[in-house]
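# sequence first, predicted coordinates after that:
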Amino acid sequence: AQSVTQLGSHVSVSEGALVLLRCNYSSSVPPYLFWYVQYPNQGLQLLLKYTTGATLVKGINGFEAEFKKSETSFHLTKPSAHMSDAAEYFCAVSDRYTGNQFYFGTGTSLTVIP
Amino acid sequence: SQTIHQWPATLVQPVGSPLSLECTVEGTSNPNLYWYRQAAGRGLQLLFYSVGIGQISSEVPQNLSASRPQDRQFILSSKKLLLSDSGFYLCAWSPDYLVFFGPGTRLTVL
């Protein structure tokens, strides 16, 4: 079975500071990896994904994430936080062979301090 | 392009009342469909998923049920709501290895 762990349910950063949201997964084979963002009372929006190839993937809104197989991690980063980045962020995995099921972490709430 | 609809957007129901939430997807055929619940302060919990008409898999035993009467329609139901059913319900669809979410339904059970 696959699982996703997001360390830190709440993260606060100052505007302009580095954003780092952590995600580790547990899977017998490298899964597909995703980051989603959720603004209040809205559905989830895909930020970026890793399926194969380059391990550093770039997404929307200046976010990027790096797949590190040795660390079973897929941490999300952004060099400079903007007020509009305040939201809930979810890391997710899916099995690359079946693709039917998606497993989400418990989410990290990002607060940006002006 | 594909679009996913959910209704209603918000719902307030008394304990013990029935529930029916509807989700429809446009612009695709034979998608995988999912119901997730997001409770306050918690992550996303997969409730049901469906790979085709009439094919429903339940992830968590509870007083909810799901049905897929048509290819692009997915319904979440309950005969008697509990207080613990309150939450944000998200329908999602997947063409392959990606999953796309609907706008969600905020359910409050009083």
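On my side now, so go ahead.
# for the residue lying closest to residue B:81 once chain neighbours are set aside, give me phi and psi.
Nearest non-adjacent residue to residue B:81, counting by Cβ to Cβ, 6 or more residues apart in numbering or on different chains: residue B:109, 4.9 Å away. (Each C-beta comes from the backbone N, C-alpha and C, glycine too.) With angles defined as degrees, to the nearest 10, residue B:109 sits at phi -110, psi 120.
# contact partners for residue B:109?
Applying Cβ atoms under 8 Å, 6 or more residues apart in numbering or on different chains to residue B:109 gives the contacts B:13, B:14, B:15, B:81, B:82, B:83, B:84, B:85, B:86.
# interface residues of chain B facing chain A?
For chain B, the residues in contact with chain A (Cβ under 8 Å from any Cβ of the partner chain) are B:32, B:34, B:36, B:42-44, B:46, B:49, B:51, B:88, B:90, B:92, B:94, B:96-104, B:106.
# and the residues you listed, which are buried?
B:32, B:34, B:36, B:43-44, B:46, B:49, B:88, B:90, B:92, B:94, B:97-102, B:104 (16 or more other Cβ atoms under 10 Å in any protein chain shown).
# OK, contacts around residue B:37?
Residue B:37 is in contact with B:44, B:45, B:47, B:87, B:88, B:89, B:90, counting by Cβ under 8 Å, 6+ apart.
# check contacts around the last one.
When you say that, I think you mean residue B:90. By Cβ under 8 Å, 6+ apart, the contact set of residue B:90 is A:43, A:44, B:6, B:35, B:36, B:37, B:38, B:44, B:101, B:102, B:104, B:105.
# hmm, 6 Å instead?
With contact set as Cβ atoms under 6 Å, 6 or more residues apart in numbering or on different chains, residue B:90 has these partners: A:43, B:36, B:101, B:104.
# let me know the closest of the residues you listed to residue A:74.
Closest to residue A:74 out of those is residue B:101 (19.2 Å), distances taken as Cβ to Cβ.
# nearest to residue A:82 among the contacts of residue B:109?
For the contacts of residue B:109, the residue nearest residue A:82 by Cβ to Cβ is residue B:86; the value is 32.4 Å.
# the closest one against residue B:108, yeah?
Yes - Residue B:86 is in contact with residue B:108 according to Cβ atoms under 6 Å; the separation is 5.3 Å.
# which one of these two is surrounded by more residues?
Neighbours were counted for residue B:86 and for residue B:108 using other Cβ atoms under 10 Å in any protein chain shown; residue B:86 has more, 18 against 12.
# this completes my enquiry, with thanks.
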